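[1] This is the structure alone, sequence omitted:
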Ligand SMILES: CC(=O)SCCNC(=O)CCNC(=O)[C@H](O)C(C)(C)COP(=O)(O)OP(=O)(O)OC[C@H]1O[C@@H](n2cnc3c(N)ncnc32)[C@H](O)[C@@H]1OP(=O)(O)O
Ligand SMILES: N[C@@H](CCO)C(=O)O
């Protein structure tokens, strides 16, 4: 695996009208570019993922896996805003010489796609075989698919949407309220909002899982009045995330997710989706309570060459990070149907 950081000193003008004066994007590649440069698989991570796609999608990417580096050149970049190596609220603002913290500009999935486009140009990749992402990663991938035109052959958008629903915005708002209620929020410190982030993740987990999943995995044996497994599970998940992620990054990326609307400034969703030239596979999860299967169906129904397939899983939204065998099967059948 090659881990690199792309640095661009050119300002990036954002949808909000603000600008990022300079940009750093941490990215990894595995495999080699073939002589025709036709084997690029570009992976976009979800809310708290990183550039190591062969780790968090280990059942799908890697030696002898569906996307095998022996066959493909697989690239994944850490999305700006995130705390895993790219420009984020913790980076130094070149205009002030101190970290941005709360002054970090608002990013949208379209801005994030513009960042990836800058990296693509830098790498000289004129053709992407497949662009694939789930959840927020799917939103960024969908935005980029509109702009890539003929440079993209296949887009795979998993457990995602063309426009963030009020339901998902609502979930994100409750999580930001949890962060705001942490008395350290507002401090100029990397650890600001850490305790609030624990609560935010616990809330988020309820949208990433299905009630039946918790009923199965957190079932109590015997009778009790307190100290339920579901409670310790959510507390544990909150602590686990707060140890590895940053509240300012979480805030930035959840706001980015809220702002997602592929139709904005393009004459609406249908017109925007209709502009995508690539073949599009939209994959929903039958138990997803956050990004409903209908939202994936809306994507496939409105692109020119769209296919819808479904993961059947008790896991809920996070099934896209768990159900490798089904994902590989759905991808295989999608590619076969195209050939
Ligand atoms: C540096 C990095 O790590 S970056 C990127 C990696 N992460 C990402 O890309 C984000 C995407 N990944 C994820 O969201 C998750 O890892 C998923 C969805 C793939 C899997 O979620 P998991 O948390 O592993 O699964 P699940 O919901 O079953 O929880 C299992 C964990 O809860 C713990 N747990 C289960 N029940 C309980 C309980 N009642 N009380 C306390 N803890 C419990 C388990 O011991 C296990 O702990 P572990 O993670 O330390 O092994
Ligand atoms: N579980 C995912 C979020 C849901 O898409 C993550 O932590 O990135």
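    Cool, got the structure. Computed from a prediction, not measured in an experiment: that's the story for all the values here. Ligands and ions are numbered 1, 2, ... in the order given.
[2] From residue 250, how far off is residue 114?
    22 Å (C-beta to C-beta, to the nearest Å). In this view, the C-beta of every residue, glycine as well, is placed from N, C-alpha and C.
[3] now residue 36
    For residue 36 relative to residue 250 (C-beta to C-beta), the value is 40 Å.
[4] Likewise for residue 112?
    15 Å.
[5] try residue 94
    24 Å.
[6] Between these two, which is the more surrounded one?
    Taking other C-beta atoms under 10 Å, residue 94 and residue 250 do not tie; residue 250 has more neighbours (28 against 12).
[7] what does the helix or strand encompassing that one contact?
    In the assignment (DSSP states H and E), residue 250 maps to helix 247-258. The contact list for helix 247-258, computed with C-beta atoms under 8 Å, 6 or more residues apart in numbering, reads 47-48, 79, 81-83, 88-90, 101-102, 104, 106-109, 111-112, 136, 139, 164, 168-169, 172-173, 175-176, 179, 182, 185, 192-194, 196-197, 200.
[8] If we go by neighbour counts, what in stretch 44-62 is buried?
    44-54, 56-57, 60-62 (16 or more other C-beta atoms under 10 Å).
[9] Point out the ones among those that are inside strands.
    residue 44 (DSSP state E).
[10] out of the buried residues of stretch 44-62, which touch ligand 1?
    Counting by C-beta under 6 Å from any ligand atom, 48-50, 56 from the buried residues of stretch 44-62 sit close to ligand 1.
[11] Alongside ligand 2, which residues does the stretch 101-250 of the chain contribute?
    So far as C-beta under 6 Å from any ligand atom goes, the stretch 101-250 of the chain lies against ligand 2 at 135, 208.
[12] So which residues on the stretch 101-250 of the chain come close to ligand 1?
    Contacts of the stretch 101-250 of the chain with ligand 1, taken as C-beta under 6 Å from any ligand atom, map to 218, 229, 232-233, 236, 244.
[13] Which pair of the buried residues of stretch 44-62 spans the longest distance?
    47 and 62 (22.4 Å; C-beta to C-beta).
[14] Could you check how many residues crowd around residue 118?
    16.
[15] how near is it to ligand 2?
    For residue 118, the distance to ligand 2 equals 23 Å [C-beta to the nearest ligand atom, to the nearest Å].
[16] Help me confirm that that residue comes into contact with residue 12.
    Yes - at 7.2 Å, residue 118 and residue 12 qualify as touching, with contact defined as C-beta atoms under 8 Å.
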